[in-house]
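In: Return atomic coordinates for the entry below.
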Amino acid sequence: IPTIESLNSLGEITVVVPKTQKSWTSKINTRSKTKIEYEIREIDGYTMHVLDAYPSDCANFGIHEIVNKPDLVISGANLGHNVGTHAFFSSGTIGGAIDGVIAGIPSIAISVAYKKGQEMVSDGFRPPLTQFTEIVRFFYENRPSDYMMLSVNMPMYVNNSKVVAAELHNFSFGSLFKLE
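Out: Next up, the predicted model:
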């Protein structure tokens, strides 16, 4: 809800979200089902299209079935940062934004980072998302025509942080498994 509240001042917003948490699902799309569970819910006065699907499915469905080519796709806000190559190729939030780019629509992935032990409540999202609205407006009005995607990472509970453009950090987990 904080993401929707923060973006409301920008214009008409259509919300399409996964039914359940879908972190680390990358740009996976549901291909084995011919029909996805779909419902419309009213939450805190906002209409939400809810799919039993992945973030990329939600972006695709919103673009092609609900809005018919929106001006901008925003994926997230994700809880946790997406700052390196590992996240770019693993994040469902970034995957949703990539689906927008594939459809030829400028897209933004938003992630709100938190510190270990920090309480994760919606009030922690509100301060950075206020500034996010300004970033969205700037990106939409000023981006070069060949610049299609932005991944924004903001710290939880912080407002008016310095905005810095950065390259993806080349990060590796190392081995995720051990042979036995």
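In: can you give me the strands in the chain?
Out: 15-18, 38-43, 46-51, 73-79, 107-113, 149-155 (DSSP state E).
In: Let's have those in JSON lines, adding distance to S91, mean neighbour count and mean pLDDT.
Out: In this view, the C-beta of every residue, glycine as well, is placed from N, C-alpha and C. Shown next, in JSON lines, are those (distance: least, CB to CB, whole Å; neighbours: other CB atoms under 10 Å; pLDDT from 0 to 100):
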{"stretch": "strand 15-18", "distance to S91": "13", "mean neighbour count": "20", "mean pLDDT": "95"}
{"stretch": "strand 38-43", "distance to S91": "24", "mean neighbour count": "11", "mean pLDDT": "95"}
{"stretch": "strand 46-51", "distance to S91": "18", "mean neighbour count": "16", "mean pLDDT": "95"}
{"stretch": "strand 73-79", "distance to S91": "7", "mean neighbour count": "23", "mean pLDDT": "90"}
{"stretch": "strand 107-113", "distance to S91": "7", "mean neighbour count": "24", "mean pLDDT": "91"}
{"stretch": "strand 149-155", "distance to S91": "8", "mean neighbour count": "20", "mean pLDDT": "91"}
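In: TSV please, covering these and showing distance to F171.
Out: As requested, the strands of the chain are exported to TSV (distance: least, CB to CB, whole Å):
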stretch	distance to F171
strand 15-18	25
strand 38-43	35
strand 46-51	30
strand 73-79	16
strand 107-113	14
strand 149-155	13
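In: Could you say which one of these comes nearest to T130?
Out: When the strands of the chain are compared by CB to CB, strand 149-155 sits nearest T130, at 10.0 Å.
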